[in-house]
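Q: From the sequence below, what's the structure:
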Amino acid sequence: MAPSQSNPLQLPRELTYRQARECLLRLRPLVAGHSAQQVPVDASAVKVFDSSALAVLLACRRAAQEAGKQLVVSGLPKGLQSMAALYGVDGLLLPAAASEAGASARQDEAGGNRSRDA
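A: Next up, the predicted model:
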């Protein structure tokens, strides 16, 4: 049975280089065979991760695109969002509003604590 809109694909609690290959081998066919045009992925369970988690998500995004679908990631932990922003891939994985907020926050950080009255 292919996952449906009401049953998003779930990422595991731990997604590091040790789990990445197995996780990707499990997810890729589910993404390609998903019944809807938008493939929901729930990342809210992820607590332990490294950059491999981003690699898995990007590979799933690529698999979705190859199948003519769109990967929609929800529940991405703040730390993983920050890592995605650092690597410049946040716009590929996060909804537009979240990636724009991340870009705005990066601009604020780069500008320091300037007074708006100046």
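
Q: count of residues packed around residue 66?
A: Applying other Cβ atoms under 10 Å, we find 11 residues neighbouring residue 66. In this view, the C-beta of every residue, glycine as well, is placed from N, C-alpha and C.

Q: To what extent is residue 21 buried, counted in neighbours?
A: Number of residues near residue 21 (other Cβ under 10 Å) recorded here: 11.

Q: OK, contacts around the residue most central in space within the chain?
A: Nearest to the geometric centre of the chain sits residue 93, at 4.2 Å (Cα atoms, centre = their mean). With contact taken as Cβ atoms under 8 Å, 6 or more residues apart in numbering, residue 93 is in contact with 54, 57-58, 61, 71, 73, 76, 84.

Q: Okay, and which of the residues you listed map to helices?
A: Counted as lying in helices by DSSP state H, out of these, are 54, 57-58, 61, 84.

Q: May I ask which two of those residues are separated the most?
A: Pairwise distances across the ones in helices among the contacts of residue 93 (Cβ to Cβ) peak at 11.5 Å, for the pair 61 and 84.

Q: the helices in the chain, which residues?
A: 17-32, 51-66, 78-87, 90-93, 96-111.

Q: Take the ones you listed and lay them out in CSV including distance to residue 38 and mean pLDDT.
A: Shown next, in CSV, are these (distance: least, Cβ to Cβ, whole Å; pLDDT from 0 to 100):
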stretch, distance to residue 38, mean pLDDT
helix 17-32, 11, 97
helix 51-66, 9, 97
helix 78-87, 19, 96
helix 90-93, 14, 92
helix 96-111, 14, 50
